[in-house]
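A.B. asks: Output the structure for:
(2 chains)
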Amino acid sequence: MEWFDNGWGLSLVVFLPLVGALALLAVPKDEEDTAKWVALLTASASLFFAIVAAFRFDYGDAGTFQLGTVKEWIPAIGSNFEIGIDGISLPLLVLSTAIVVLSIVYSWDHWPEPHNPKGFLILILFLATGMAGTFVALDLVLFFVMFELVLLPMYFMIGIWGDKTKMKLPGFNHEVETRLYASIKFFLFTLFGSAFMLLGFLALNFRGGTFSIPELTALGANGAFTGTFAFLVFGALFLGFAVKVPMWPFHTWLPDAHTAAPTVGSVLLAAILLKLGSYGFIRISIPILPNEARDWAPAIAILAVIAIIYGSLACLAQKDMKRLIAFSSVGHMGFVMLGIATLTPVGITAAVIGMVAHGVITGMLFFLAGSMQHRYHTREMARLGGNLKLMPVLGGIFGFTAMASLGLPGLAGFWGEFMALLGSYEPLAGLSLGVFRTAMVVGAIGTVLTAGYLLWMLQRVNLGEPSEEWANHEFHDADRFELVAWVPMLVSILAIGIYPKIITGPANDAVKAMIETAF
Amino acid sequence: MVNGISLMLAESNVEGLARDFGDGGLLAEGAWLIVVVPFVATLAITLFGKRLPWKGAELAVGAVVFALVYGGALLLTSWFGDGIVHEGSVKIGEFGGFEVEWGWVVDGLSSMMFFVVGLVSTACFVYAVGYMKGEVRWTAFFASFTLFAGAMLMLVSAANLIQLLIGWELVGVSSYLLIGHYWEEKENSSAAIKAFIVNKIADVGLVIGIIIAAITVGTFSISEIIQRVVESDSELDDVAAIIALLLFVGAMGKSAQFPLHVWLPDAMAGPTPVSALMHAATMVTAGVYLVARMFPLFHEMAPGVLDLVLIIGTITLVIAGLLAIVQDDIKRVLAYSTLSQLGYMTAALGAGAYTAGLFHLFTHAFFKSLLFLGAGSVIHAVHSNNMSDMGGLRKYMPRTFWTFIIGSLALAGIAPLAGFFSKDEILASFNEANQPIVLLLGLVTAFITALYMARAVFLTFFGEYKGQGSPHESPAIMTVPMMVLAGFAVVAGLFNVPGQIGAFNEWVSTRFVETVGASEFLGEHATSFDVPVLLLGLLAGLAGIYLGYRLYYPDAATQKERDRLYVRGLWPVLENKYYIDDLYMEGVVNPIKGPIARFIDWTNSYIIDYVVNLVGMFTRVVGKVVYGVLDQRGIDLAINEVSAGAGFLGGKLRYIQTGKIQQYATWLFLGAVALVIGFWIKVT
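C.D. replies: Numbering: from 1, shown residues only, chains lettered A, B, ... in the order given. Below you'll find the model as predicted:
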């Protein structure tokens, strides 16, 4: 297995989907079954190797990058193919490869219009490589390439397979097709952030002389980056990552993109893509620019709690179920960012588990919203009702997942929220206690609003008697493809809730090591 | 992995403050089963309950019988042995320096709670098998019911605050599921949401309290926190009042104390066995249990908060007692009565009477769940909750009648039934604490208690039947659990007779092996009867019953006429629940759900997004302009173009078209590159 530990394993995890995508290009368009199997096999192989990596991983040394390699890549600019995982990236890597497989399984019989499974699967596989690549990249250029790689497939996924209805832009008279507006907004917003991020990366390279994240981390810990330079670089990185998270007020692409995207697009977006932003903070911004992180932390905490309250209140006003779930991400990622802003091991470990939990839970909610839309052909909650009566299994799973989303203890969502609040009572020494403790109280109040909108959503969608529109309608309850895709997610929601050590075991040591080096 | 640490007998025993307790051996080490078995049963019922012969009810009943037998064994072993104090734990995660554990405490207090929860659960579960026959969603009902049992047992066995919080909120969610069991009606699902949200609001306090305690002490362990209290740790002392206050806010939610009591009456929308078990005997006592569990912290370091506890408890016991008089729904009479009795328990703890508060929790669990089961039996027979549809039922339902009488007398505090002893000890503790006003209000409410129970009994069981059809006695599967509880309603008081029998006091003070001296902080415990208070309390009860007899015994053509007591000015206020619910709905909930939420959504679309869209359009316009300037006409035409662009901007601002993405991208990247070059020049 030595070859596996020398970077080949991780490379397989990252590039097998890409190989699958290229292979798919050769598959004729009407041989859909072949296309599905090629996609499923390559994605599963990628997941398999990610799991092997989890077994090969040395948990006693979770703070060190493992299973990686450094190979010369673009010598002209000094960029190497440097990869590796530690206890923070490992759970996210497994999560992202798993969600891809489940998305393909779910899609098996649920192709959004205009059909074309081949094209859709190619995009999913491209996304898979980009997402996994971001989590293993230890070189800023590689990171940037992977980070950007997810952008185009998602743009096409929303733009081609998205919601075709027309929408009126608030404040403007012109009508546009939802999918076009949403996809362009998503693309440009993210690109706007990435441009600054790239700028920041280049600046770090100019000053530090390397693109290697571990080397830059060591430099950062020794105080190599200071002053206005560091302040601006942090700001540039902040813009890149904050858009992706998204943090308030850079979040407005998210409700549109989520609502317009096809089901699998929303799932991948919520489950993984948002994590790329928060992961960027943990992997790059904080360890490389610790002093700047300290300066920026109160601002991040304030934006995070604004997102929590703002997102929850906005949810209460939504009439569209999918848009409501989308807005819930704003609030939940607020908790993740609050945890990160504390700059403590407690808070950042909370952020990591919060990221995984949000990935599984909100991904699951989008699956469910998609399946309901598939059956009812509407997302408007006023028209729904009595779903639990019409489809007991699907409704029951919906109820369970909503409970997980509101942070019910014993399920996955609880730990990230509670521990982020705990962290903000006592943030890193030197940070303003007033800001963080206020943030804690406001965040805790946010959990009440979160419970409010989720229970209200359940009441409107799941409970009550079915309206006349649906009462005599035959619905098929969750089918086997759906169940195969969902059961692993439901099990992991429960498992992480009961035994958070699955995530915190590796993550906590890595976070502790990182904080120790940085501060 | 299992790290069963039985706490060592304290070496500092020499000081004579700690008693010699046993560690309970294998029995205590395996006590985690009490919690795990119901959870496993819940999962099993959910997954394949429908395929079993009783559709899952057998697993549910089996799980709580197991808890009863195990809890009873622990209590008896502890009682007749040298007492058990044991703590076991499993590590389930770590966050920074905090270890998260799942643990189980076996001591006198938790054993007592295991027994109460086990016994009342068993009675209610068996009863539910009869009561829920033919009702919708049988299997889901038993799954949620079993989830509740597991959560409640998890809460009382909690060795650390985070586990307590988990049990606490799981209790809340099972309550949500069960209150909303008949969710076809919007009213019921709204009641469920209300219960959940009110509890969640209180939990904000609990969560923050736990956070502050954990950060200050460095661990979630309850015994560690108590240890610091005993050591008079100054760091803890600084924040103890805040911690105690916040924990009590949490307790106010679960134990439905004023002003967070509003959810409990609405919770009666759930099936009656649920009301009996959760909203009378167990779930609502969780707050009292929490204060009792943390009592040394309150008593030693936060006496001011204890005063607040007393005040809140007293307000609750009075206002809820009054509300019970005007209810027509028999379950609501009992619900307000429960609030009032919880007020007694809370006030007792506030007066520093640890044992008295817990003792009332103990006796009340039996007679109040009995009353609820009796009410359920009546409702089952007449198909209505309203006493205006009842009357004369003693002839039709003798077993229900007699058990209900026992429960009512026990609640009214008539000797020698259970409620007499526990209520008397509470009243005596008010006297002991030198709180004449509280004592007076306690006595007045004792009178009111007897009055509303007499009203309920006379309106329901006496006179002529005024409902539809012919009522019939409930089957044995429902009446037998009632008789068992009636037996406990008779004898439970005898576990704690001041000066004579100290068994109960012994149970609940079997704690703190390691934390030597902590038992000092368990407040006062009466060792003899306070005779004047005792006589006054008894007199208040008898007077209430007599007045009830005079008012409600005479039959009339309709129940409405029989319900003759009306106090001008006061009654409308009571019928509107002091307008508190209206205040919350109109003052808080509706504004947030309506205008505030809509405003936020509006800012999203019309402010943030407006800016975003403007920037998008502006970029596009600039792109066009620059393109025209550089590529098409040359620089000399720039001025014209810019002015044309401005004209375009002004005129076409209201339009957006789906432009070419490459164009945007190009410009963004050109901008970025320009900045990079600028940067590079500056750096080098």
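
A.B. asks: Please make it C-alpha for all contacts and neighbour counts, starting now.
C.D. replies: OK.

A.B. asks: quick one: average confidence on the strand or helix carrying B:Leu574?
C.D. replies: Counting by DSSP states H and E, the element that carries B:Leu574 is helix B:570-575. Here helix B:570-575 scores 86 as its mean pLDDT.

A.B. asks: Stretch B:120-132 too?
C.D. replies: 92.

A.B. asks: Need the CA coordinates for it. CSV is fine.
C.D. replies: Only the C-alpha atoms of stretch B:120-132 are listed here, as CSV (Å, rounded to 0.1, in the frame of the first residue of the first chain):
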residue,chain,number,x,y,z
VAL,B,120,-46.0,6.1,35.7
SER,B,121,-44.8,5.3,32.2
THR,B,122,-45.8,1.7,32.7
ALA,B,123,-49.2,2.7,33.9
CYS,B,124,-49.7,5.1,31.1
PHE,B,125,-48.3,2.9,28.4
VAL,B,126,-50.6,0.0,29.4
TYR,B,127,-53.5,2.3,29.6
ALA,B,128,-52.7,3.7,26.2
VAL,B,129,-52.9,0.2,24.7
GLY,B,130,-56.6,0.4,25.6
TYR,B,131,-57.1,4.1,25.1
MET,B,132,-55.5,4.3,21.6
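
A.B. asks: Could you give me the buried positions within it?
C.D. replies: Neighbour-count burial for stretch B:120-132, counted by 16 or more other CA atoms under 10 Å in any protein chain shown, picks out B:120-132.

A.B. asks: Residues touching it, excluding its own?
C.D. replies: Contacting residues not belonging to stretch B:120-132 are listed as B:57, B:60-61, B:64-65, B:68, B:138, B:149, B:273-274, B:276-277, B:281, B:365-366, B:369, B:373, B:376-377, B:380, B:475, B:477-479, B:481-482, B:484-485 [CA atoms under 8 Å, 6 or more residues apart in numbering or on different chains].

A.B. asks: now do 7 Å
C.D. replies: Stretch B:120-132 has contacts (CA atoms under 7 Å, 6 or more residues apart in numbering or on different chains) with B:61, B:64-65, B:138, B:273, B:277, B:366, B:477-478, B:481.

A.B. asks: now swap in stretch A:248-258 and tell me
C.D. replies: Applying CA under 7 Å, 6+ apart, the contact partners of stretch A:248-258 are A:182-183, A:185-186, A:189, A:242-243, A:266, A:303, A:306-307, A:323, A:326-327, B:609.

A.B. asks: circling back: what's the offset of the helix holding B:Leu574 from the middle of its chain?
C.D. replies: 27 Å (CA atoms, centre = their mean, to the nearest Å).

A.B. asks: Tell me the residues of the stretch 201-350 of chain B that contact chain A?
C.D. replies: Listed as neighbours of chain A in the stretch 201-350 of chain B under the rule CA under 7 Å from any CA of the partner chain: B:201, B:204, B:211.

A.B. asks: quick one: which of these is most hemmed in?
C.D. replies: Within those, B:Ile211 tops the neighbour count with 27 neighbours, counted by other CA atoms under 10 Å in any protein chain shown.

A.B. asks: Helices of the stretch 401-519 of chain A, residue ranges please.
C.D. replies: Secondary structure of the stretch 401-519 of chain A (DSSP state H, counting those that start in this stretch): helices located at A:413-425, A:433-461, A:468-471, A:480-498, A:501-518.

A.B. asks: Which parts of the chain are strands?
C.D. replies: Just so you know, I chose chain A. Along chain A, counting by DSSP state E, strands occupy A:66-74, A:79-85, A:166-168, A:175-177.

A.B. asks: look at chain B instead
C.D. replies: Along chain B, the segments classed as strands by DSSP E run B:86-95, B:98-106.

A.B. asks: ok, back up a step: looking at the buried residues of stretch B:120-132, spot the one nearest chain A.
C.D. replies: Taking CA to the nearest CA as the measure, chain A sits nearest to B:Met132 out of those, at 18.9 Å.

A.B. asks: any idea how far A:Ser107 is from the closest one?
C.D. replies: 41 Å (CA to CA, to the nearest Å).

A.B. asks: try B:Asn576
C.D. replies: Taking CA to CA as the measure, B:Asn576 and A:Ser107 are separated by 54 Å.

A.B. asks: Which one's more surrounded, these two?
C.D. replies: A:Ser107 (20 against 12).

A.B. asks: quick one: contacts for the spatially most central residue of chain B?
C.D. replies: Centroid-nearest residue in chain B, with CA atoms, centre = their mean: B:Lys254, separated by 2.4 Å. The contact partners of B:Lys254, by CA under 7 Å, 6+ apart, come to B:199, B:284, B:286-287.

A.B. asks: before we move on, what about A:Gly385?
C.D. replies: So A:Gly385 contacts A:460-467 (CA under 7 Å, 6+ apart).

A.B. asks: Identify, from those, the entry nearest to B:Val508.
C.D. replies: A:Leu463 (43.0 Å; CA to CA).

A.B. asks: Does that closest one touch B:Trp183 like I think?
C.D. replies: Yes: assessed by CA atoms under 7 Å, A:Leu463 is found in contact with B:Trp183 at 5.8 Å.

A.B. asks: re earlier: please work out which of the helices of the stretch 401-519 of chain A is packed deepest.
C.D. replies: Among these, helix A:413-425 has the highest mean neighbour count (mean count of other CA atoms under 10 Å in any protein chain shown), at a mean of 28.

A.B. asks: hmm, who's touching that helix?
C.D. replies: The contact list for helix A:413-425 (CA under 7 Å, 6+ apart) reads A:335, A:338-339, A:342, A:344, A:346-347, A:350-351, A:353-354, A:357-358, A:404-405, A:407-408, A:436-437, A:440, B:211.

A.B. asks: Please report how far B:Phe220 lies from chain A.
C.D. replies: Counting by CA to the nearest CA, to the nearest Å, the gap from B:Phe220 to chain A is 12 Å.

A.B. asks: And B:Ile501, by the same measure?
C.D. replies: 41 Å.

A.B. asks: pLDDT score assigned to that residue?
C.D. replies: For B:Ile501, the pLDDT comes out at 81.

A.B. asks: Number of residues surrounding it?
C.D. replies: B:Ile501: 13 surrounding residues under other CA under 10 Å.

A.B. asks: Ok, B:Asn199 next?
C.D. replies: B:Asn199: 27 surrounding residues under other CA under 10 Å.
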